[in-house]
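Asks: whatever this is, show me its structure:
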Amino acid sequence: MQIIEGGVTAAKGFKAAGMAAGIKYKNGKKDMAMVVSDKPCVTAGTFTLNRVFAAPVKWDKDIVANSPFAQAVVVNSGVANACTGVEGDEACALEAKTAGETLGISADAVLLGSTGVIGMQLPMDRMCAGIKALPELLDYTKEAGTLAAEAIMTTDTVKKQWAVETVLDGKKVTIGGIAKGSGMIHINMGTTLSFVTTDAAISSEMLKSALIEAADVSYNMVSVDGDTSTNDTLAIMASGYAGNKEITEKNDDYKTFTAVLTDAFKKVAKKLAKDGEGATKLLICKVDGAKDDKSAKIISKSIICSSLVKAAMFGADANCGRILCAIGYSGAETDVKKIDVSYKSAKGEILVCKDGNGLVFDEDKAKEILLEDEIEILVKLGDGNASAEAYGCDLTYDYVKINGDYRT
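Replies: Residues are numbered from 1 along each chain as shown. Below you'll find the predicted structure:
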């Protein structure tokens, strides 16, 4: 895999645009994006497990399950179109109809995404005006993809886009994407809005399988605040423009594609966690020596989700008791008497727990390590050979400030 510059326009045949459509409270900021393929695309998606899910999630689930292909994505920020009843469903239908008519494609080839305030109705006059204006701005350039990435941001402080290249069947294949997410992020698919494009030739069944495999160890291992969004959507469109032999089974090309997708998704997962609302530190919890993959995931997630662990990391407090506590209530079976815990950053590594017992250690060195902006929490179990990583952030005063007046 080679990391390259770009985002959703990096793969062949995809163009994008972003603009200010007046959806957000503060007008003048970009708040609507569009991504369009030159040809119909094989599509797959995975969505929030929150039982209160947004109208665009309902729409996209139907498209992925029942439409033979998709060709465009329309996303707005500012208003989530969640908890909006029949009117919200009708808004989705009108969005897709307007986009379809403007682009000259079927309405059921249009994927939708919304993010922002829950419970508000979309301003459909501005939505439709934006959808009609965006096609004039569509371009294949990296800059156009960047505008789309910026347009889907809400409380994000940085745009999130990425692109990678690999070789399948002797052909160069490109995968690119954009994502948004800063708060209301918890490991319960999809944890964010993310739209991915690729020029690989791959069947619908294999694309879905690869997406689920990759998301399970990346997006699904992120938690900022323990809140699973109503709008979580991760969708991918594959155009086939790369010209590789279509992947229709789990062969070597499938394994390569899935591995590249997984590695790219892990990088995005870290960006999402690091940009958590009010966060000052990226936390990466690495669990080794678990009896099986499930136990490793459960334990790493439990630690990264702990408010006490997150607060301790904010305060640079090397309190191993909070790590052990989170392991204990995780529900995973493990021998507590075999647990080692270390903290690691660019300033070094320090062991704070050995065989389930807290150690006397250099507090000044530990603080120096934990004052860095990227910290690894290393947990070694003595139960087996399985491992997992989870991604999170510290819990700061600013998180409360941001969410205390998010709407007002």
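Asks: so Leu193 touches Gly181, yeah?
Replies: Yes - between Leu193 and Gly181 a contact is recorded at 7.0 Å, counting by C-beta atoms under 8 Å. Every C-beta, even on glycine, is put in place using the N, C-alpha and C of the backbone.
Asks: so these two - more neighbours on which side?
Replies: Neighbour count, other C-beta atoms under 10 Å: between Leu193 and Gly181, Gly181 has more, with 31 against 26.
Asks: if I look at the closest residue in space to that one that isn't next to it in sequence, how far off is Gly7?
Replies: Nearest residue to Gly181 in three dimensions, chain neighbours excluded: Thr192, at 3.4 Å (C-beta to C-beta, 6 or more residues apart in numbering). Plainly put, Thr192 is 15 Å away from Gly7 if you go by C-beta to C-beta, to the nearest Å.
Asks: ok, Gly13 next?
Replies: Look at Gly13 and Gly7: by C-beta to C-beta, they are 14 Å apart.
Asks: so which of those two has more stuff around it?
Replies: Neighbours per residue, other C-beta under 10 Å: of Gly13 and Gly7, the larger number sits with Gly7, 29 against 18.
Asks: next up, the contacts around that one.
Replies: Shown in contact with Gly7 (C-beta atoms under 8 Å, 6 or more residues apart in numbering): 16, 142, 145-146, 148-149, 161-163, 176-178.
Asks: just Gly13 next, same as before
Replies: 37-39, 199, 239, 241 are the contacts of Gly13 under C-beta under 8 Å, 6+ apart.
Asks: repeat the analysis, applying 6 Å as the threshold.
Replies: Counting by C-beta atoms under 6 Å, 6 or more residues apart in numbering, Gly13 touches 37-38, 239, 241.
Asks: which residues does Ala279 contact?
Replies: Listed by C-beta under 6 Å, 6+ apart, the contact set of Ala279 reads 393-394.
Asks: now with 8 Å?
Replies: The contact partners of Ala279, taken as C-beta under 8 Å, 6+ apart, are 224, 273, 393-394, 396, 399.
Asks: same check on Val167?
Replies: Taking C-beta under 8 Å, 6+ apart as the test, what Val167 contacts is 173, 256.
Asks: confirm it sits in a strand?
Replies: Yes - under DSSP: H, G, I helix; E, B strand; the rest coil, Val167 falls within a strand.
Asks: show the pLDDT at it.
Replies: If you check Val167, the pLDDT there is 98.
Asks: and it, how far is that from Leu111?
Replies: Going from Val167 to Leu111 by C-beta to C-beta gives 28 Å.
Asks: output the below-cut-off pLDDT ranges for this protein.
Replies: Residue ranges of the chain with pLDDT under 70: 25-26, 184-185, 187-191, 406-408.
Asks: so where do the helices sit in it?
Replies: For the chain, applying DSSP state H gives helices covering 55-66, 85-103, 124-133, 142-151, 204-216, 252-274, 293-305, 307-314, 320-328, 363-370, 397-404.
Asks: contacting residues around the fifth one?
Replies: Residues external to helix 204-216 that are found in contact with it (C-beta under 8 Å, 6+ apart): 42-46, 189-190, 202, 234, 236, 238, 247-250, 254, 257-258, 261-262, 264-265.
Asks: now list the buried members of those.
Replies: Neighbour counting over the contacts of helix 204-216 (16 or more other C-beta atoms under 10 Å) leaves 42-46, 189-190, 202, 234, 236, 238, 247, 254, 257-258, 261-262, 264-265 as the buried ones.
Asks: which strand residues sit across from Thr46 in the sheet?
Replies: Under DSSP bridges, the beta-bridge partners of Thr46 are Leu234.
Asks: touching, it and Leu234? I think so.
Replies: Yes - with contacts counted by C-beta under 8 Å, Thr46 reaches Leu234, the gap being 5.1 Å.
Asks: check contacts around Ile298.
Replies: Residues counted as contacts of Ile298 (C-beta under 8 Å, 6+ apart) are 330-332.
Asks: including neighbour count and distance to Lys344, could those go into JSON lines?
Replies: Converted to JSON lines, the contacts of Ile298 look like this (neighbours: other C-beta atoms under 10 Å; distance: C-beta to C-beta, whole Å):
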{"residue": "Ser330", "neighbour count": "19", "distance to Lys344": "21"}
{"residue": "Gly331", "neighbour count": "9", "distance to Lys344": "26"}
{"residue": "Ala332", "neighbour count": "22", "distance to Lys344": "22"}
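Asks: adding distance to Lys297, write those residues out as CSV.
Replies: What follows is these, written out as CSV (distance: C-beta to C-beta, whole Å):
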residue, distance to Lys297
Ser330, 10
Gly331, 11
Ala332, 9
